[in-house]
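Q: Give me coordinates for this.
(one chain, ligands or ions: 2)
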Amino acid sequence: MNVTVLVVDTDPLVRDLFLKTVGKWGYIVDTAASGSEGLAMVRQTDYDVVFVNLSLPGMDGQELVGKIREEQPSTEVVVITGYSSVDAAVAAMKAGAYDLVLKPLNLDRIKIIINRCLEKSGLKEESSGEDMSEAEAEKYCYDKIIGKNHKMQEIYGLINSLRNIDSTVLIMGETGTGKGLLAQTIHSNSNRRNDDFVTVDCGAIPETLLESELFGYEKGSFTGALRRRIGKFEQAHKGTIFLDEIGDIPLYVQQKLLRILQERRFERIGGNSTIDVDVRIIAATNKDLKTLVDEGKFREDLYYRLNIIPICLPPLRERMDDLVLLVTKFIGKYRDKLKKDVRTISQDALNAMMRYHWPGNIRELENLLERAIIMTLGKNIQKIDIPGERRNKDIYSFGKIDINQPLKQVKQQIIEQVERKYLKELLNHHRGSINLVARQAKVDSKTLYDKMKKYNYHKEDFKRLDQEESS
Ligand SMILES: Nc1ncnc2c1ncn2[C@@H]1O[C@H](COP(=O)(O)OP(=O)(O)OP(=O)(O)O)[C@@H](O)[C@H]1O
Ligand SMILES: [Mg+2]
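A: Residues are numbered from 1 along each chain as shown. Ligands and ions are numbered 1, 2, ... in the order given. Modelled structure (predicted):
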């Protein structure tokens, strides 16, 4: 099947880039240097994807986008634009463009976008053979994030819509679900990507040092302050600051943080002058901030200030439809890195992984595969290559008990694990029927709804295909 791509741009370098590079990926590439030429070509040929630069002489790009969408609804349009014309880009998206790429052009992004367009229109060629399955895996990635689960796809959409706005983002998710990776990806896809991405691991810095780490200090402000020190907020000026494990910030620092969130200004410790900063704030936590608020450990006003764009990363056990994809990608990654020709994984090894509950999420999976690739003797990872702990375990084995946590908390975590699993099985069994599940669990439907909300279960997700078809 021949996939056809048209690029409409006055810049000969852009047209050349498409002809040479995109052509090499196996697509047929045509080019046009003006809007009217582009439109004439679109009327003649049924292109799969058309890239349109918004600043065109004669007919402007936005008008062209509208015309293509109107006359050739099956053709996907992608807009090429510079930072300066973001408003025009938003208008073009409204006129029906599928996505946009910013100049300077990033080839990886172009590849991903073409793949997504083809997938959307059902044109993507069927995969076959091992190498194709890795190629297949490629289209489900957003930069370094892997995942095709519907929640991940929603998150990709969010990253796109956050590209040109500076709103504060709060990322929530268990350990190893990719909070750090997501924060980095949001930054590197935003218009701040050429400036710094500064990470502060609030959980790892001793409380007494956190304030000076964040805000800096003046010379002589305390014993040992021998010279002025710039804090992380100043370092992140024009860029993004990533406040990891925000739930661990002590209350007195929270107050100062609130002011930065509201006014984007602060004073260094021991300093009199007020400093203005231009930063995008991304925070992450694996704790439930709302509970911390209820317990008086987290300021409510700060919570609302942070919770502007909340993003919940699902734990791996709730996105098992991604397991094969993740395994495929990680085998590819470590095959190259470790220079060991491992290609596949046996079905029973995969089955064992499907049954496991992955408390360490993607990090645990990645580490396990790296180890399995080192251990395995052949090209095919076997169940035996997977550390024994994970082979036979099911949800009722709770992994290592963390004795550093109070008993109450450990018990709570285990109760949540059981509740989660119990509800999932029962919802599955009754195909998402709230009445039947509530009756069998002997809870009222409000309690059931509350718990489903807590674990992010939606009754629609438990319907079976045959139900959807008949309804
Ligand atoms: N969706 C994903 N696709 C590919 N790799 C992922 C994904 N999610 C996480 N990873 C990888 O897993 C590891 C852990 O991710 P990350 O550090 O972002 O998790 P985290 O949620 O910040 O964990 P923690 O709460 O422990 O800090 C990293 O190596 C990361 O690259
Ligand atoms: Mg992290």
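Q: In the chain, where's the longest helix?
A: Of all segments of type helix in the chain, defined using DSSP state H, the longest is helix 407-429.
Q: hey, where'd the strands end up in the stretch 1-150 of the chain?
A: Listed in chain order, the strands of the stretch 1-150 of the chain (DSSP state E, counting those that start in this stretch) span 4-8, 28-32, 49-53, 76-81, 99-102, 141-142, 145-146.
Q: tell me the most buried of those?
A: Mean neighbour count (mean count of other CB atoms under 10 Å) peaks for strand 49-53 among the strands of the stretch 1-150 of the chain, with a mean of 28. For glycine as for every other residue, the C-beta is placed from the backbone atoms N, C-alpha and C.
Q: now what about it, what contacts it?
A: 3-11, 14, 18, 38, 42, 61, 64-65, 68, 75-81, 92, 97, 101, 110, 113-114, 117-118 (CB atoms under 8 Å, 6 or more residues apart in numbering).
Q: and ligand 1, which of those reach it?
A: Among the contacts of strand 49-53, not one lies near ligand 1 by CB under 6 Å from any ligand atom.
Q: can you list the strands of the stretch 1-150 of the chain in CSV and add mean pLDDT and distance to Gly332?
A: Shown next, in CSV, are the strands of the stretch 1-150 of the chain (pLDDT from 0 to 100; distance: least, CB to CB, whole Å):
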stretch, mean pLDDT, distance to Gly332
strand 4-8, 92, 26
strand 28-32, 89, 27
strand 49-53, 94, 26
strand 76-81, 89, 27
strand 99-102, 82, 25
strand 141-142, 88, 11
strand 145-146, 95, 11
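Q: show me what contacts Ser34?
A: Contacts for Ser34 (CB under 8 Å, 6+ apart) come out as Val8, Thr10, Leu56, Pro57, Gly58, Met59.
Q: Spell out which residues sit in contact with Ile311, please.
A: Listed by CB under 8 Å, 6+ apart, the contact partners of Ile311 are Ile155, Leu158, Val169, Leu170, Ile171, Met172, Leu182.
Q: Give me the neighbour count for Lys151.
A: 16 (other CB atoms under 10 Å).
Q: From Glu460, how far off is it?
A: Distance, Lys151 to Glu460, by CB to CB, to the nearest Å: 13 Å.
Q: Next, the buried residues of the helix or strand where Gly157 lies.
A: Element membership for Gly157 (DSSP states H and E) is helix 150-161. Neighbour-count burial for helix 150-161 flags Lys151, Met152, Ile155, Tyr156, Ile159 (criterion: 16 or more other CB atoms under 10 Å).
Q: can I get the residues you listed in CSV with pLDDT?
A: Converted to CSV, those look like this (pLDDT from 0 to 100):
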residue, pLDDT
Lys151, 91
Met152, 93
Ile155, 94
Tyr156, 93
Ile159, 93
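Q: Quick check: phi and psi on the residue in the chain that ligand 2 sits nearest to?
A: Residue of the chain nearest ligand 2, by CB to the ion: Gly180 (3.7 Å). Main-chain torsions, Gly180, degrees, to the nearest 10: phi -60, psi -40.
Q: Same question for the one 10 residues further on.
A: Main-chain torsions, Ser190, degrees, to the nearest 10: phi -100, psi 170.
Q: my read: it touches Asn160, true?
A: No: between Ser190 and Asn160 there is no contact under CB atoms under 8 Å: 10.6 Å.
Q: Could you pull out the buried residues of stretch 237-252?
A: Those would be His237, Gly239, Thr240, Ile241, Phe242, Leu243, Asp244, Glu245, Ile246, Gly247, Asp248, Ile249, for stretch 237-252 by 16+ other CB under 10 Å.
Q: Please list the residues of the stretch 201-350 of the chain that sit near ligand 1.
A: So the stretch 201-350 of the chain meets ligand 1 at Asn286 (CB under 6 Å from any ligand atom).
Q: low-confidence ranges in the stretch 201-350 of the chain?
A: Counting by pLDDT under 70, the stretch 201-350 of the chain shows no low-confidence range.
Q: Are there helices or strands packed against the longest helix of the chain, and which ones?
A: Contacting helix 407-429 under the criterion 3 or more CB pairs under 8 Å, 6 or more residues apart in numbering; DSSP states H and E are the following elements: helix 434-441, helix 445-454.
Q: Distance to Phe330, mean pLDDT and mean neighbour count added to these, as JSON lines?
A: Converted to JSON lines, the helices and strands packed on helix 407-429 look like this (distance: least, CB to CB, whole Å; pLDDT from 0 to 100; neighbours: other CB atoms under 10 Å):
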{"stretch": "helix 434-441", "distance to Phe330": "35", "mean pLDDT": "90", "mean neighbour count": "15"}
{"stretch": "helix 445-454", "distance to Phe330": "30", "mean pLDDT": "91", "mean neighbour count": "14"}
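Q: Which of those helices sits closest to Thr344?
A: Distance to Thr344, taken as CB to CB, is lowest for helix 445-454 among the helices and strands packed on helix 407-429, at 37.0 Å.
Q: quick one: contacts of that closest one?
A: Glu419, Leu423, Leu427, Ile434, Asn435, Val437, Ala438, Ala441, Val443, His458, Lys459.
Q: and the closest residue in space to Glu213 that isn't next to it in sequence, which of the three is it?
A: Nearest residue to Glu213 in three dimensions, chain neighbours excluded: Ile205, at 5.4 Å (CB to CB, 6 or more residues apart in numbering). Put simply, Ile205 is coil when judged by DSSP: H, G, I helix; E, B strand; the rest coil.
Q: From what I see, Ile205 and Glu211 are in contact.
A: No: applying CB under 8 Å, one finds Ile205 not in contact with Glu211, separated by 9.6 Å.
Q: Please name the nearest non-neighbouring residue to the spatially most central residue of the chain.
A: The chain has Leu182 as the residue nearest its centroid, 4.4 Å off, counting by CA atoms, centre = their mean. Nearest non-adjacent residue to Leu182, counting by CB to CB, 6+ apart: Ile171, 5.6 Å away.
Q: So what's the gap between stretch 273-282 and the chain middle?
A: 25 Å (CA atoms, centre = their mean, to the nearest Å).
Q: List the buried residues for it?
A: Within stretch 273-282, the residues scored as buried using 16+ other CB under 10 Å are Ile275, Val277, Val279, Arg280, Ile281, Ile282.
Q: so the second one makes contact with Ala236?
A: Yes: using CB under 8 Å as the test, Val277 is close enough to Ala236 to be in contact (7.3 Å).
Q: Count the neighbours of the residue of the stretch 201-350 of the chain found nearest ligand 1 for me.
A: Of all residues in the stretch 201-350 of the chain, the one sitting closest to ligand 1 is Asn286 (4.7 Å; CB to the nearest ligand atom). Counted with other CB under 10 Å, residues neighbouring Asn286 total 18.
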